[in-house]
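Novice: sequence and predicted structure below; questions after.
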Amino acid sequence: MPDTLAQKTYLQPYLRDLLYQSNPIAIDTLLQASIKLLFPAEEYRPIISTLDTLSSRNQAILHAPFTWKSWLPAFYWNGSNNQYHDWIKGFLSGDLGISSHGRPVASEIMPRLYITLSINGMAVLLSILLGIPLGVALSRRNNTSIDRWGNGTLLFLYSLPVFWVGGLLMMWLATPGQGLHLIKGVYIDPWNSQTSTYLQYVARNASKFILPVLTLTLHLIAIITLQMRGSMIGVMHHDYIRTARAKGLREGQVYWRHGFRNALFPMITLLAEIIPFLFTGSLVVESMFQFPGLGMKTTDAFISRDYPVLFAILMMIAFITVLSQLLGDLLYAWADPRVRFNRK
């Protein structure tokens, strides 16, 4: 095919007009003009002949009589010997394929998965340990000045964009000449399993984990605290709470032994939805701090069109989503024996 500047210059108007055309006849005319411009006469005639055949078939479809069957989807089975089924078989057997860099996909994803699970796991754990007691404490002081100030602060914290909070923390804690500068840099090299174990890697770079974990925790703790506060306020007006108080139980026992367990159902639903959400949210956080986790790997695979890596990551997130829903069902059964499956 000729590749000269003059032909490229002549071809640009045809391609520009082609983008805005919806008329099949105009599209066919522009395609034929473009092909004649790019190919010599002995080569473009067979191509134009093929285009004429496609155009005639398209016209036959457009002018065919309408039938109700055209509204029904058609299903065809061409056997399991195709690319999709081969990929599914490989995924189920642990063979995720080869990346565009020529390396096994599993060897590129697994080190990044450990890092993402670490920062998300620490963020969820810290948010639960701090958010649940704080939510119960605010519910015990309902309609007081402490509750109003705490509720307003949490709503303000929840409304802040994650990327803005991360940038502010970076400026305060890791930027030389500004703020406290307690963290010396935020960049961290990817984990190499050949040089150290993962625990050694985390211990060596512990200070670099602070900002991503803190950014995710500040947003998540507001959600958990507000949900826990609302759930506790909702259950503290029930009859069994008044009965517990009539028995002479201390207020702490009434809240934690009788109110807390019944207020866990909305919390369990929230946690089952938060776990997969954190994997998509960490994409922003990891990109901001250049943190070598699964979110950063997803961005790199999307930009470089590394589809084997991208497909494996998306399937892994789908698997974690299903697993979190299953965990939520198990926690439902733990919180309330009435939802357990009884053996008959």
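Specialist: Sure, I can see it. Everything quoted here is computed from the prediction, not taken from an experiment.

Novice: can I see the domain layout of this structure?
Specialist: The chain breaks down into these domains under automatic domain parsing: 5-65, 105-339.

Novice: which one of these has the poorest average confidence?
Specialist: Mean pLDDT is lowest for domain 5-65 among these, at a mean of 69.

Novice: how about stretch 225-245 as CSV, C-alpha atoms only?
Specialist: Output of stretch 225-245 as CSV, limited to C-alpha atoms (Å, rounded to 0.1, in the frame of the first residue of the first chain):
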residue,chain,number,x,y,z
THR,A,225,-20.4,5.5,61.7
LEU,A,226,-23.5,7.2,60.2
GLN,A,227,-25.0,3.8,59.3
MET,A,228,-24.4,2.4,62.8
ARG,A,229,-25.8,5.5,64.5
GLY,A,230,-29.0,5.4,62.4
SER,A,231,-29.4,1.6,62.9
MET,A,232,-29.0,1.9,66.7
ILE,A,233,-31.5,4.8,66.9
GLY,A,234,-34.0,2.8,64.9
VAL,A,235,-33.9,-0.3,67.2
MET,A,236,-33.8,1.5,70.6
HIS,A,237,-37.5,2.2,70.5
HIS,A,238,-38.6,-1.4,70.3
ASP,A,239,-40.4,-3.2,73.1
TYR,A,240,-37.6,-5.6,73.9
ILE,A,241,-35.4,-2.6,74.7
ARG,A,242,-38.0,-1.3,77.2
THR,A,243,-38.2,-4.8,78.7
ALA,A,244,-34.4,-4.9,79.2
ARG,A,245,-34.5,-1.5,80.9
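
Novice: what's in contact with it?
Specialist: 130-132, 134-136, 138-140, 142, 151, 154-155, 158, 251, 253-255, 257-260, 262-267, 270 (Cβ atoms under 8 Å, 6 or more residues apart in numbering). In this view, the C-beta of every residue, glycine as well, is placed from N, C-alpha and C.

Novice: closest to Asn82 out of the domains of the chain?
Specialist: domain 105-339 (14.8 Å; Cβ to Cβ).

Novice: just say which of the domains of the chain is most tucked in.
Specialist: For those, the largest average neighbour count (mean count of other Cβ atoms under 10 Å) is found in domain 105-339, namely a mean of 17.

Novice: what sits against Ala123?
Specialist: By Cβ under 8 Å, 6+ apart, the contact list for Ala123 reads 213, 216-217, 220, 278.

Novice: closest to Trp71 among those?
Specialist: Within the contacts of Ala123, proximity to Trp71 (Cβ to Cβ) peaks at Leu278, which comes in at 41.6 Å.

Novice: surely that closest one touches Asn120?
Specialist: Yes: Leu278 is within contact range of Asn120, at 4.4 Å (criterion: Cβ atoms under 8 Å).

Novice: what touches both of the two?
Specialist: Contacts common to Leu278 and Asn120, judged by Cβ under 8 Å, 6+ apart, are Leu216.

Novice: all helices of the stretch 51-200 of the chain, in order?
Specialist: Here the stretch 51-200 of the chain has its helices, by DSSP state H, counting those that start in this stretch, at 83-92, 105-140, 145-159, 162-174, 198-204.

Novice: turn those into JSON lines, including distance to Arg242.
Specialist: Formatted as JSON lines, the helices of the stretch 51-200 of the chain follow (distance: least, Cβ to Cβ, whole Å):
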{"stretch": "helix 83-92", "distance to Arg242": "54"}
{"stretch": "helix 105-140", "distance to Arg242": "16"}
{"stretch": "helix 145-159", "distance to Arg242": "21"}
{"stretch": "helix 162-174", "distance to Arg242": "42"}
{"stretch": "helix 198-204", "distance to Arg242": "49"}
